[in-house]
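> Here is a sequence with its predicted model. Questions after.
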Amino acid sequence: SLLYTIKFEPRKMVPIPANERERLISMAAEEEIMSILKKNLKDVAMKVPTDKQENVTKELENFQSLYHKWRGGISDELVWDKIKPLPESMLQGYSSLRKVNEDDTESISKLLQKLVVLKLNGGLGTGMGLGTAMPKSLIRVRDEATFLDITINQIENLNEKYNVSVPIVLMNSRNTDDETRHTLKKYKGSNVEVLTYLQSYYPRVDRETLLPFVKDYENIDTNQGWYPPGHGDLYESLYNSGLLDELIARGKEIIFISNIDNLGATVDLNILSHIVKSGCQAQFIAEVTNKTRADVKGGTLIDYNGCVKLLEYAQVPKEKVEDFKCVKTFKIFNTNNLWINLSSMRDKVMTGTLDRDVIVNHKTLDDGRNVIQLETAVGAAIKNFSGAFAINVPRSRFLPVKHTSDLLLVMSNLYKIKDGSITMSPDRQFPTTPLIKLGAEFKRIQHFLERFGNIPDLLELDHLTVVGDVHFGRDVSLRGTVIIIANHGERIDIPPNSLLENKIVSGNLRILDH
């Protein structure tokens, strides 16, 4: 027999660098988190009623993709030095658009038959102290008309004038859906078709475990484990509702999207004509307008690596916030008035190529739990569409009503309303709106209304600041710069028929020249 001698070389141990070891541990931890997340979401989906299971499963799949993008670092980190102002090829002046001949009703009718108007209707009146009492769209803002009344009146007049059937689509949240649908019954005799659908609900993420803490889909309307993920969810939820396919099948080509509280966001025939005639060359148009001091935190559009990109305030590094707020550097801001080609939108959703930056929103719930909400913005999708660009529109197309200070403006004689469209009064000598700051006593709509005998004359007002317990009599006129400050425990009553022009009114009702 033969004997063999086998010699073993000693094995060399190659140490793993510390940074690589940390990376591997981190990867393993992320894989474990993703595995637990997937199982938890599957368990939740299994408990959903059969009639809702398909839609909820799709929503949870979309949430999982958003979560994976956030945790996986798939979203490109913003490199500030790569940010550039939009070049002329990406930013067009409104005055350069070819004007539509309003007497050519036949051509306009053909344009309008291609249009759908969508209003973001998920918000409550919390900014005006209403809590969760009612949808914001049902607040009376002008001549007893609500935001919803004004919106429907606009399209009613458009449909009647041009003998068309432009539908309105409302993207509701679970907070606004029931009340909105109940209110819509009063428009049954209208010539406007109003369609509604629900935006998605995603599970909140516990900041400690980095996982959702909901166990089921019950009581979703009151369960703080769920939240609406921002208006960037519009695309997937519209597709999942079946409405996107239905609208395209009916010959609709363009969708005009805006916030329902933006009273300046009316159908603009010049922009509609421009996007229709451009065909597939302009799949997405965003309306921007020039920044003022009141808009320094508004999102803006930038050139980033040769593409149009939405930059929101929440995405700005802390050390660059002052740069972002500089009106000289970032001259425009996003109005959230968007015009999008419907077929292109559907293609992006179906192929999963509708990339949007993840906005991480930190919140503390009523029970003290610290949570994370993953959100997206509807305008952030602009970077995915070929030929996308912005139009610098007049300021009149941005008239949002977020607080009672805004409400004071639109309720006053500064504006006229006709056929559902609100425009600045021709009697106003200056094209800009006054800057109004109202104190905490005016935050709630009920308290706001109680403090005015009627809305003052603001035609010649530049700036108004009101602080403390202040009440206005009937037929007051405010001009120039007016500052009214009531000291703590004191009350100021502005007498009826008063004219305050460039005045400071102090706590003991002394009226001084300003």
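On my side now, so go ahead. Residues are numbered from 1 along each chain as shown.
> any idea how far residue 461 is from residue 209?
53 Å (CB to CB, to the nearest Å). In this view, the C-beta of every residue, glycine as well, is placed from N, C-alpha and C.
> next one: residue 83
Residue 83 is 37 Å from residue 461, by CB to CB.
> what kind of secondary structure is residue 169 in?
Look at residue 169: counting by DSSP: H, G, I helix; E, B strand; the rest coil, its state is strand.
> Just give me the neighbour total for it.
When neighbours are counted by other CB atoms under 10 Å, residue 169 registers 23.
> Just the local confidence number for it, please.
What the model reports for residue 169 is a pLDDT of 98.
> bridging residues for it?
For residue 169, the beta-bridge partners under DSSP bridges are residue 118, residue 195.
> give me every residue that touches it.
For residue 169, the contacting residues are 116-119, 194-197, 238, 243, 247, 255, by CB atoms under 8 Å, 6 or more residues apart in numbering.
> Show me which of those are buried.
Buried members of these, counted by 16 or more other CB atoms under 10 Å: 116-119, 194, 196-197, 238, 243, 247, 255.
> Among the residues you listed, which one lies nearest to residue 307?
Nearest to residue 307, judged by CB to CB, of those is residue 255 at 21.5 Å.
> List the neighbouring strands of whichever strand or helix holds that closest one plus their orientation.
Using DSSP states H and E, residue 255 sits within strand 254-259. With DSSP bridges as the test, strand 254-259 is paired with strand 115-121 (parallel), strand 332-341 (antiparallel).
> Out of the ones you listed, which is closest to residue 408?
strand 332-341 (21.0 Å).
> Report all helices and strands that the next helix or strand after the closest one contacts.
On the C-terminal side of strand 332-341, the nearest following helix or strand under DSSP H and E is helix 342-351. Using 3 or more CB pairs under 8 Å, 6 or more residues apart in numbering; DSSP states H and E, the elements in contact with helix 342-351 are helix 234-241, helix 243-249, strand 254-259.
> Let me know which of the ones you listed is the nearest to residue 162.
strand 254-259 (15.3 Å).
> before we move on, back to that, now the strands paired with strand 254-259 as JSON lines including mean pLDDT?
Formatted as JSON lines, the strands paired with strand 254-259 follow (pLDDT from 0 to 100):
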{"stretch": "strand 115-121", "mean pLDDT": "97"}
{"stretch": "strand 332-341", "mean pLDDT": "95"}
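> show me where pLDDT drops low in the protein?
1-28, 73-76, 131-133, 220-222, 280, 508-514 (pLDDT under 70).
> Nearest to residue 495 among the contacts of residue 169?
Nearest to residue 495 among the contacts of residue 169 is residue 119, at 41.6 Å by CB to CB.
> Tell me where the stretch 101-250 of the chain has strands.
Assigned by DSSP state E, counting those that start in this stretch, the strands in the stretch 101-250 of the chain fall at 115-121, 140-142, 145-146, 168-172, 194-198, 202-203, 205-206, 226-227.
> which phi and psi does residue 251 have?
Dihedral angles of residue 251 (phi, psi; degrees, to the nearest 10) stand at phi 90, psi 10.
> I meant to write residue 323 there.
phi -60, psi -40.
> so who does it touch?
residue 329.
> if you set the cut-off to 6 Å instead, what comes out?
Residues counted as contacts of residue 323 (CB atoms under 6 Å, 6 or more residues apart in numbering): none.
> From residue 153, how far out is it?
When residue 323 is compared with residue 153 (using CB to CB), they lie 42 Å apart.
> Equivalent analysis for residue 333, please.
28 Å.
> now swap in residue 250 and tell me
Distance of residue 250 to residue 153, given as CB to CB: 23 Å.
> Can you show me the helices along the stretch 251-400 of the chain?
269-277, 321-324, 342-351 (DSSP state H, counting those that start in this stretch).
> what about these, which gets the closest to residue 486?
The nearest among the helices of the stretch 251-400 of the chain, by CB to CB, is helix 321-324 at 33.3 Å.
> Return the alpha-carbon coordinates of the closest one using CSV.
Extracted as CSV, the C-alpha positions of helix 321-324 are listed here (Å, rounded to 0.1, in the frame of the first residue of the first chain):
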residue,chain,number,x,y,z
VAL,A,321,-31.8,77.7,4.4
GLU,A,322,-30.9,81.4,4.2
ASP,A,323,-29.6,80.9,0.6
PHE,A,324,-32.9,79.2,-0.3
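> any idea how far that helix is from the chain center?
How far helix 321-324 lies from its chain's middle: 21 Å, per CA atoms, centre = their mean, to the nearest Å.
> Same question for stretch 323-335.
On CA atoms, centre = their mean, the centre of stretch 323-335 falls 18 Å from that of its chain.
> In it, which residues are buried?
Across stretch 323-335, burial judged by 16+ other CB under 10 Å covers 324-325, 330-335.
> How about stretch 501-510?
Here stretch 501-510 shows 503-505, 507 as buried, counting by 16+ other CB under 10 Å.
> Who has more neighbours out of residue 209 and residue 461?
The neighbour comparison of residue 209 against residue 461 (other CB under 10 Å) goes to residue 461, with 25 against 10.
> Can you give me the separation between that one and residue 408?
Distance from residue 461 to residue 408, by CB to CB: 10 Å.
> Over to residue 165?
Separation of residue 165 from residue 408 (CB to CB): 36 Å.
> So which of these two has more stuff around it?
Neighbour count, other CB under 10 Å: between residue 165 and residue 408, residue 408 has more, with 22 against 14.
> could you pull out the strands for the stretch 251-400 of the chain?
Using DSSP E, counting those that start in this stretch, strands in the stretch 251-400 of the chain cover 254-259, 284-290, 300-304, 307-311, 332-341, 359-364, 370-375, 389-392.
> Would you tell me which of those gets closest to residue 186?
strand 254-259 (22.5 Å).
> give the contact list for residue 310.
299, 301, 379-380.
> Between those, which sits nearest residue 216?
residue 380 (31.3 Å).
> So which bits of stretch 331-351 are buried?
If you call a residue buried by 16+ other CB under 10 Å, then stretch 331-351 has these buried ones: 331-342, 344-346, 348-349.
> What of stretch 37-57?
37, 40-41, 44-45, 48, 55-57.
> re the thing from before, as CSV, the strands paired with strand 254-259 with distance to residue 226 would be great.
Listed next are the strands paired with strand 254-259 as CSV, based on distance: least, CB to CB, whole Å:
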stretch, distance to residue 226
strand 115-121, 19
strand 332-341, 24
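> Pull the contacting residues for the residue nearest to residue 109 when sequence neighbours are not counted.
Sequence neighbours aside, residue 162 is the residue nearest to residue 109 in space, at 4.7 Å (criterion: CB to CB, 6 or more residues apart in numbering). Listed by CB under 6 Å, 6+ apart, the contact set of residue 162 reads 105, 108-109, 112.
> same question, residue 238
By CB under 6 Å, 6+ apart, the neighbours of residue 238 are residue 244.
> try 8 Å
118, 169, 171, 197, 244.
> Run through the residues that contact the first one.
Contact analysis of residue 118 by CB under 8 Å, 6+ apart lists 168-171, 234, 238, 255-258.
> Need the residues that contact stretch 430-440.
292-294, 395, 403-406, 408-409, 414, 424, 448, 458, 461-468, 470.
> Can you measure across it, start residue to end residue?
29 Å (CA to CA, to the nearest Å).
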